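Asker: Provided below are the primary sequence and the corresponding predicted coordinates.
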Amino acid sequence: MLEARDMMVFYENMVGLNNVSLSCDVNRIVGVFGANSAGKSTLMYVLSGIMLDIRKKELMAGGERISVFGSITYFGQDITNLKPSQRARKGIVLCPERRRIFTESSVLENLKIGGYQAPKARFRETLDYVFSLFPDLGKLKKRTGGFLSGGEQQMLAIGRALMAQPTFLLLDEPLLGLSPRIQANLMRATKDICETRGISVIITEQYARPVLPIVDYAYILENGSAVLEGSGQEMMNNEDVRAAYFGM
Amino acid sequence: MDIIVYGIINSVSLALMALGFALIYGISRVANFAHGALYVISGFMVWSFLNTAGLNYFFSILAAMVVVGVVGALIYQFVLIRVRGMPVSEIIASYAIGLAILEGFRWWGFKGMTYTLPVFVEGGMQVMQVSVDIHRILVVVIGGAIVGVLWLFTHYTRIGLALRGMAQDERAAMMLGIDSDRMAVVSMAFGAMLAGIAAVLLLPLGNITVDAGYNVLILAIAVCVVGGLGSWMGAVLASFLIGFAQILTEVYWGAQYQMVVALLAIILTLVLRPSGIFGRQKALEERV
């Protein structure tokens, strides 16, 4: 159980997140929807701990002053001040926005680096799973990461995150700029990750339509605040939400 | 023939000097300007283990490697970690450490002909009708082996792959459970050890002097700038370029121009192709 309570984030005086609470149970898919600058990525950085690193670097370089308030608990344990690498070891793995694969390493090396903290047996088994989930990657093992197409890079990014043995997988805008066919493919994979591996997925997107059918619960962010939450079905049935966020 | 044989020897020496610098920069993006000081320290440590402590040569080298690795790690853990992410401060801090060490040695009266390391194997042999002493051949063999081992290490071991991941995208590596500070400490220790290995291999060919520290730093920077900062293969290639250029100048103009070649190479690279031979490839940028 991953739970963020009353998260507030300020970039200097600008509100990044305003009193957002979010919780995700084991074996669930939770969607977070919102427009540009609604706070989706900020929320992901807060959950994964990357925000602490950003704040530290900004502080040292004399850059933006970032303040973070609120608490995050993971199976009842307070992890608000854990470093991102420690959180990853506990099972909270972020697959970042814009993929950020290792562009100079091959596909296989990317996955191997992802499996840094995996025990040997799990490593092999997860590698096989990733290739069965994304058969396209299996054909491109030796290809340099930067030479993959956008869709292939996204598959690689998800595969790499899976190699890190997550219990909670955070997917930040995985569908960004991809074709509808690949979007559908990735959503099918996401569902499979949750169902066959028992991994909880928190997924953010701007455009909710391809994602909504697979989520159990959804939050809608607007200017840093969670303005609405409910089960996937409730969201589907809400006229305003449909018009504003789902383009239907 | 002379030119080819000595060109190769000189190039491998340069590669040895530069690898530690390139490794640290490649992984933690810290330009370690204390590199030359680490080089001199390791030479001096081997000398003192050998002559003062009376250990045998092999164990002196081993002990010096361990100590210099620890010194490198400590420099990161206690100094550089505080200015991480600010390139200019990193350079100033590490250069200050290097300066303190080197000038400390000078102040302490560390000069003259007394500080020399013995060669590994006495004697010489003929290579392609050129007489070369065996130690220089050992430098080439061991230097080549180190480049090979480093390549295998970074491609096939868990830590090596993690280091490469961090070199490419530090934050993405963190998300996968790789502790960036710990990895930077590891890279610093390895880089210091590589400086130490270079010292142990190259210093027996001359004296241990304070100035060697500055020269090594300049040469290492020249090689890394020409090869493209952060690229290890670029560094190896660039050391061959500069290595042969140096030998050619030495043969046709005179040995005193050797350092000019390195500095000229930096200037030319910055003017013509600032990212170096193997700078970040634009072809590999993100695709949407």
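Answerer: Perfect, I can see it now. Numbering: from 1, shown residues only, chains lettered A, B, ... in the order given.
Asker: quick check: the residue of the stretch 1-150 of chain B nearest chain A.
Answerer: Closest to chain A within the stretch 1-150 of chain B is residue B:85: 4.9 Å, counting by C-beta to the nearest C-beta. Where C-beta positions appear, they are placed from N, C-alpha and C, glycine not excepted.
Asker: buried residues in the helix or strand hosting residue B:65?
Answerer: Using DSSP states H and E, residue B:65 sits in helix B:57-78. Buried residues in helix B:57-78, counted by 16 or more other C-beta atoms under 10 Å in any protein chain shown: B:60-61, B:63-65, B:67-69, B:71-73, B:75-77.
Asker: circling back: phi first, then psi, for the residue of the stretch 1-150 of chain B closest to chain A.
Answerer: Backbone torsions for residue B:85, taken as degrees, to the nearest 10, come to phi 90, psi 0.
Asker: export the buried residues of helix B:57-78 as CSV, with columns for distance to residue B:161.
Answerer: Below are the buried residues of helix B:57-78 laid out as CSV (distance: C-beta to C-beta, whole Å):
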residue, distance to residue B:161
B:60, 33
B:61, 29
B:63, 30
B:64, 29
B:65, 24
B:67, 28
B:68, 25
B:69, 21
B:71, 26
B:72, 21
B:73, 20
B:75, 25
B:76, 21
B:77, 23
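Asker: just checking, residue A:109 touches residue A:102?
Answerer: Yes. With contact defined as C-beta atoms under 8 Å, residue A:109 counts as touching residue A:102 (7.1 Å).
Asker: anything in contact with each of the two?
Answerer: Residues touching both residue A:109 and residue A:102 by C-beta atoms under 8 Å, 6 or more residues apart in numbering or on different chains: residue B:164.
Asker: who has more neighbours out of these two?
Answerer: A direct count of neighbours by other C-beta atoms under 10 Å in any protein chain shown for residue A:109 and residue A:102 places residue A:102 higher, at 27 against 21.
Asker: check contacts around residue A:2.
Answerer: By C-beta under 8 Å, 6+ apart, the contact list for residue A:2 reads A:23, A:24, A:47, A:72, A:73, A:74, A:92, A:168, A:200, A:202.
Asker: name the helices or strands packed onto the helix holding residue B:65?
Answerer: helix B:35-51, helix B:180-202 (3 or more C-beta pairs under 8 Å, 6 or more residues apart in numbering or on different chains; DSSP states H and E).
Asker: buried ones in the shortest one?
Answerer: Going back to what we said before, that points to helix B:35-51. Buried residues in helix B:35-51 (16+ other C-beta under 10 Å): B:35-47, B:49-50.
Asker: now do stretch A:113-123
Answerer: Per 16+ other C-beta under 10 Å, stretch A:113-123 contains these buried residues: A:113, A:114, A:115, A:116, A:117, A:118, A:123.
Asker: now do that stretch: everything it contacts.
Answerer: Contacts for stretch A:113-123 (C-beta under 8 Å, 6+ apart): A:88-89, A:102, A:105, A:126-127, A:159-165, B:158, B:161-162, B:164-165, B:173, B:176-178.
Asker: how about that stretch as CSV, C-alpha atoms only?
Answerer: Only the C-alpha atoms of stretch A:113-123 are listed here, as CSV (Å, rounded to 0.1, in the frame of the first residue of the first chain):
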residue,chain,number,x,y,z
ILE,A,113,21.3,-1.9,-16.0
GLY,A,114,17.6,-2.0,-15.0
GLY,A,115,18.2,-5.3,-13.3
TYR,A,116,21.0,-3.8,-11.1
GLN,A,117,19.2,-4.7,-7.8
ALA,A,118,17.5,-7.9,-9.0
PRO,A,119,18.7,-11.2,-7.5
LYS,A,120,20.1,-13.6,-10.2
ALA,A,121,17.2,-15.9,-10.5
ARG,A,122,14.6,-13.1,-10.6
PHE,A,123,16.8,-11.3,-13.2
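Asker: what's the neighbour count on residue 232?
Answerer: In the absence of a named chain, this looks at chain A. Neighbours of residue A:232 (other C-beta under 10 Å): 19.
Asker: try again with chain B
Answerer: Using other C-beta under 10 Å, residue B:232 has 24 neighbouring residues.
Asker: settle this for me: it is touching residue B:19, isn't it.
Answerer: Yes. Between residue B:232 and residue B:19 there is a contact at 7.3 Å, judged by C-beta under 8 Å.
Asker: intersection of neighbour lists for the two?
Answerer: What both residue B:232 and residue B:19 touch, as defined by C-beta under 8 Å, 6+ apart, is the set residue B:150.
Asker: quick check: which ranges of chain A have low pLDDT?
Answerer: Residue ranges of chain A with pLDDT under 70: A:247-248.
Asker: count of neighbours near residue A:131?
Answerer: 18.
Asker: which strand or helix spans it?
Answerer: Counting by DSSP H and E, residue A:131 is part of helix A:120-133.
Asker: hang on, the earlier thing: show me which of the contacts of stretch A:113-123 are buried.
Answerer: Of the contacts of stretch A:113-123, these count as buried by 16+ other C-beta under 10 Å: A:88-89, A:102, A:105, A:126-127, A:159-165, B:161-162, B:164-165, B:173, B:176-178.
Asker: residue A:216: what's it in contact with?
Answerer: Neighbour list for residue A:216: A:28, A:29, A:30, A:231, A:232 [criterion: C-beta under 8 Å, 6+ apart].
Asker: quick one: the helices in chain B?
Answerer: B:2-28, B:35-51, B:57-78, B:87-107, B:134-156, B:158-168, B:170-175, B:180-202, B:210-227, B:232-252, B:258-272 (DSSP state H).
Asker: which of the ones you listed sits closest to residue A:218?
Answerer: helix B:170-175 (23.7 Å; C-beta to C-beta).
Asker: and the closest one, what other elements does it pack with?
Answerer: helix A:50-60, helix A:84-90, strand A:92-95, helix B:158-168, helix B:180-202.
Asker: do the second one and chain B meet at all?
Answerer: Yes. Shown here: helix A:84-90 in contact with chain B (C-beta under 8 Å from any C-beta of the partner chain) through A:84, A:85, A:86, A:88, A:89.
Asker: where does the stretch 151-288 of chain B dip in pLDDT?
Answerer: The model of the stretch 151-288 of chain B has pLDDT under 70 over residues B:279-288.
Asker: which helix of chain A spans the most residues?
Answerer: Under DSSP H, the helix in chain A containing the largest number of residues is helix A:180-197.
Asker: what number of residues are in the vicinity of the residue nearest to residue B:124 when sequence neighbours are not counted?
Answerer: Excluding the flanking residues, the one nearest residue B:124 by C-beta to C-beta, 6 or more residues apart in numbering or on different chains is residue B:133, at 4.3 Å. For residue B:133, the neighbour count with other C-beta under 10 Å is 16.
Asker: what's near enough to touch residue B:133?
Answerer: Neighbouring residues of residue B:133 by C-beta under 8 Å, 6+ apart: B:119, B:123, B:124, B:125.
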